[in-house]
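>>> Predicted model, plus sequence, below.
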Amino acid sequence: MSGKRFLEIDVLRGLAVIGMIIFHTFFVLSYFGVLYNEMYEGGWLVLARFVQFSFLGLTGVSLAISYNRHGQSFYKKQLLRGLHVFGMGMLITLVTYVFVREDYVKFGILHLIGLSIVFLHPFASKKYFNLILSLVIFVIAVLIDKTQVNSMIGFILGFKTTDISSLDYFPIFPWIGIVSLGAFLGNIIYKNNNSLLKLNSGTFKPIIFLGRHSLIIYMTHIPIIVLAVYVIMY
């Protein structure tokens, strides 16, 4: 552990950032017709799921670790953090509405992470509650998946819709269940506030840097990719 951080978490998040950049680069190339790829099949789907599960699961793990370290002062800090992340999601909504219009991001991964922190942070230390909650969420997701509700609220919750689309879509059911499951695992793995692995920070320094700055990288990497593709095309 370095600077009260667990290096294995920063490394895993950094690897997820690398996977995210690779996936979104080829997604943008496909979206603009430069190099067609079926992004939600085969290896691309595996990469996407690794990135998604890593970011969401580590959000839950971090909630558990933060509570174990900060106790009661944890609540206000995490509430503000959740609102901040959700606000970044709304900024993406605004920007994509201006430039993409119909497929603008209505409820993407930052919206989900922000709301997950807001809703779940009061239960960050409740190990088995989070396990049961995640299982309940997954069951609800299966039950509502075939139910059609053509409204924005239904879309956000995870009901089947036919006339709403989004470039980035992470409905509350089932995805918040991954965050809750992460909180359960965080309480088990880091119950003694000890690092799981002994890593050399120098060896993984570039990856650790990416992991510790994942939000700003998320906010900036797609505009950079789009600009690069535009320059290549024109």
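Structure received. Numbering: from 1, shown residues only.

>>> What is the longest helix along the chain packed up against?
Within the chain, and with DSSP state H defining each element, the longest helix by residue count is helix 42-70. Judged by 3 or more C-beta pairs under 8 Å, 6 or more residues apart in numbering; DSSP states H and E, the packing partners of helix 42-70 are helix 7-31, helix 74-99, helix 109-120, helix 172-189. Yep, even glycine has a C-beta here, placed from its N, CA and C like the rest.

>>> Show me which residues of the shortest one are buried.
I take that to be helix 109-120. Ile109, Leu110, His111, Leu112, Ile113, Gly114, Leu115, Ser116, Ile117, Val118, Leu120 (16 or more other C-beta atoms under 10 Å).

>>> Downstream of it, the next helix or strand is which one?
Using DSSP states H and E, the helix or strand that follows helix 109-120 in sequence is helix 127-144.

>>> For the closest residue to Leu131 other than its chain neighbours, which residues are in contact?
With sequence-adjacent residues excluded and distances taken as C-beta to C-beta, 6 or more residues apart in numbering, Leu131 is closest to Phe184, at 4.3 Å. By C-beta atoms under 8 Å, 6 or more residues apart in numbering, the contact list for Phe184 reads Gly60, Ala64, Lys127, Tyr128, Asn130, Leu131, Ser134.

>>> The third one against Ile188, yeah?
Spelled out, it's Lys127. Yes. With contacts counted by C-beta atoms under 8 Å, Lys127 reaches Ile188, the gap being 6.7 Å.

>>> These two: who's more crowded?
Lys127 (17 against 11; other C-beta atoms under 10 Å).

>>> so what's the more buried one up against?
So Lys127 contacts Phe184, Asn187, Ile188 (C-beta under 8 Å, 6+ apart).

>>> residues near the second one, how many?
Residue neighbour count, defined by other C-beta under 10 Å, stands at 24 for Asn187.

>>> still on that earlier bit, out of the contacts of Phe184, who's the most crowded?
Top of the contacts of Phe184 by neighbour count (other C-beta under 10 Å): Gly60, with 28 neighbours.

>>> separation between the nearest residue to that one once chain neighbours are set aside and Leu35?
Among residues not flanking Gly60 along the chain, Gly182 sits closest, at 2.4 Å (C-beta to C-beta, 6+ apart). In this view, Gly182 and Leu35 are 34 Å apart by C-beta to C-beta, to the nearest Å.

>>> So for Lys76, what's the pLDDT?
You'll see Lys76 listed with a pLDDT of 88.

>>> Quick check: phi and psi at Gly33.
Note on Gly33: its backbone torsions stand at phi 70, psi 20 [degrees, to the nearest 10].

>>> Just give the number of residues close to the closest residue to His70 other than its chain neighbours.
Distance criterion C-beta to C-beta, 6+ apart; nearest residue to His70, sequence neighbours excluded, is Lys77 at 7.0 Å. The local packing of Lys77 (other C-beta under 10 Å) involves 12 other residues.

>>> doesn't Tyr67 make contact with Lys77?
No. The criterion here is C-beta under 8 Å, and Lys77 misses it with Tyr67 at 10.2 Å.

>>> For the chain, give me the ranges with low pLDDT.
1-3, 72 (pLDDT under 70).

>>> mind running it again at 80?
By pLDDT under 80, the low-scoring segments of the chain are 1-4, 70-73, 197-201, 234.

>>> Good, wrapping up.
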